[in-house]
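Q: whatever this is, show me its structure:
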Amino acid sequence: MQVFNCDQCGHLVFFDSDHCLHCGATLAFLPQTLEMAAMQPLEGGWWQRAVPAAEDGAQLFRFCRNRIEYDACNFTVAGSDPHALCVSCRQTRWLPDLSDPSNLRRWRQIEAAKRLLYYNLARLGLQPQDGWHGPVYHLLEDIEGQPRVMTGHDNGTITLNVAEADDEERARRRVSLNEPYRTLIGHFRHECGHFFWDLLICDSPSRLERFRELFGDEREDYGEALQRYYAKEDKFSGWQDEFISAYAQSHPWEDWAETWAHYLHMVDLLETAASYQTHVTVPGPTTLHDQRVENPFGRQRPDFNTMLEQWVPLTLLLNSLNRSLGHLDAYPFALSAGARCKLLWVHELLQEHQRTGLPAL
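A: I've put the predicted structure just below:
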């Protein structure tokens with residue numbers, strides 16, 4: 001995630017900002033151009049940029065209805081767009097009961113993570129365009145007497161149990177499942193990986209062949225594979241050489257989704273570090289090795305090997321900073337040779353997509 005500056009005063013602002021703390025300007029994120037802008041109110045609920053960009057002219061915007069009614073979004077809707085909801089919020093098709101204050105709080109947190117996913121996918125050229133649609137989301141709560149809501153993906157729909165927004169509940173599940181990492185954005189990045197497997201790989205014989213070489217045969221019964229995984233007493237050992245996480249060994253589809261999520265972790269963290277012009281110097285026994293983090297979306301984009309060379313010391317620094325504050329490692333993983341090969345293929349697929357575009361659905 002890049003950092004932003006208020007275009008009215010130049011002060012540092014962030015992706016989820018709705019006001020500049022320095023000059024007080026009302027801020028909004030423009031998903032069409034991936035910009036943060038200071039906004040000026042007009043009559044009738046319309047807004048325009050306080051400092052218009054040359055290419056915008058006098059373009060009009062509205063705030064997403066979820067900002068107006070719930071203070072739950074900072075995206076805009078273009079004046080020519082008939083929808084009341086922004087492009088991220090309108091992807092949510094089912095909500096929990098928002099009259100419950102707990103659900104309202106959970107929903108706000110979940111939508112914030114989903115907007116970050118929107119940004120990640122947009123930077124990779126993976127947001128909905130003419131000819132295909134993106135995933136839709138069901139944000140559901142457990143209801144007494146009904147089956148428990150399971151987070152997952154099914155035929156283009158990503159379901160998330162809103163209890164995952166509760167730190168206590170998420171930590172409980174992380175410990176009970178022996179997971180080193182469990183976050184809302186992690187869930188979204190993982191589950192959208194299943195969606196993009198269907199879009200990028202499923203109907204391409206050449207890609208499917210390569211997928212099976214790297215990840216295994218996805219025709220293995222999925223339900224039985226998960227049952228075997230959860231029944232294994234040694235599932236948390238022996239996976240490190242070929243997989244990016246313990247759960248990735250459960251089935252080729254889960255291996256892909258875990259790898260896909262890690263690639264999104266990688267490019268987002270590298271972009272953030274590059275926005276701060278981060279240099280990481282790794283102390284060695286005789287010399288210091290300095291790495292200046294490059295923006296994976298910059299004009300001169302680094303190749304995958306360069307990204308990996310910068311990723312490893314960056315995560316070491318990140319984890320060391322966390323430990324200094326008494327927190328767990330923010331990135332509790334080590335990339336094996338097998339995991340790197342899989343990440344490289346994700347990178348190559350996305351590079352090919354940027355050259356040729358996505359198939360129509």
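Q: spatially nearest residue to Gly298 (excluding sequence neighbours)?
A: Here the nearest residue to Gly298 in space, its sequence neighbours aside, is Ala274; by C-beta to C-beta, 6 or more residues apart in numbering that works out to 7.0 Å. Where C-beta positions appear, they are placed from N, C-alpha and C, glycine not excepted.
Q: hmm, the one you found is touching Glu294, no?
A: Yes - taking contacts as C-beta atoms under 8 Å, Ala274 lies within contact range of Glu294: 6.0 Å.
Q: tell me which residues of stretch 176-189 come out buried.
A: Counting neighbours by 16 or more other C-beta atoms under 10 Å, one finds that the buried residues in stretch 176-189 are Glu179, Tyr181, Leu184, Ile185, Gly186, His187, Phe188, Arg189.
Q: burial count for Phe167?
A: Not Phe; residue 167 is Asp. 9 (other C-beta atoms under 10 Å).
Q: how close does it sit to Leu269?
A: 21 Å (C-beta to C-beta, to the nearest Å).
Q: number of residues surrounding Met266?
A: Met266 has 23 nearby residues by other C-beta under 10 Å.
Q: one more: His133?
A: Each residue near His133 was counted by other C-beta under 10 Å, and the total is 11.
Q: domain assignment for the protein?
A: Following automatic domain parsing, one gets these domains for the chain: 4-87, 89-200, 204-361.
Q: mean confidence for the longest one?
A: Put plainly, it is domain 204-361. Computed over domain 204-361, the mean pLDDT rounds to 87.
Q: before we move on, the earlier item: what separation do you get for the residue nearest to Gly298 and Arg301?
A: 11 Å.
Q: give me the common contacts of these two.
A: Glu294, Asn295 (C-beta atoms under 8 Å, 6 or more residues apart in numbering).
Q: of those two, which one has the most company?
A: The neighbour count for Ala274 versus Arg301, taken as other C-beta under 10 Å, is higher for Ala274 (21 against 13).
Q: can you tell me the helix or strand for the more buried one?
A: helix 252-275 (DSSP states H and E).
Q: which one is the residue nearest in space to the middle of the chain nearest to, not counting chain neighbours?
A: The centroid of the chain falls nearest to Leu117 when counting by C-alpha atoms, centre = their mean (3.5 Å). For Leu117, ignoring the flanking residues on the chain, the nearest one in space by C-beta to C-beta, 6+ apart is Phe188 at 4.4 Å.
Q: and the one helix or strand that neighbour maps to, what's its mean pLDDT?
A: Assigned by DSSP H and E, Phe188 belongs to helix 184-200. The predicted model assigns helix 184-200 a mean pLDDT of 92.
Q: no further queries at this time; thank you.
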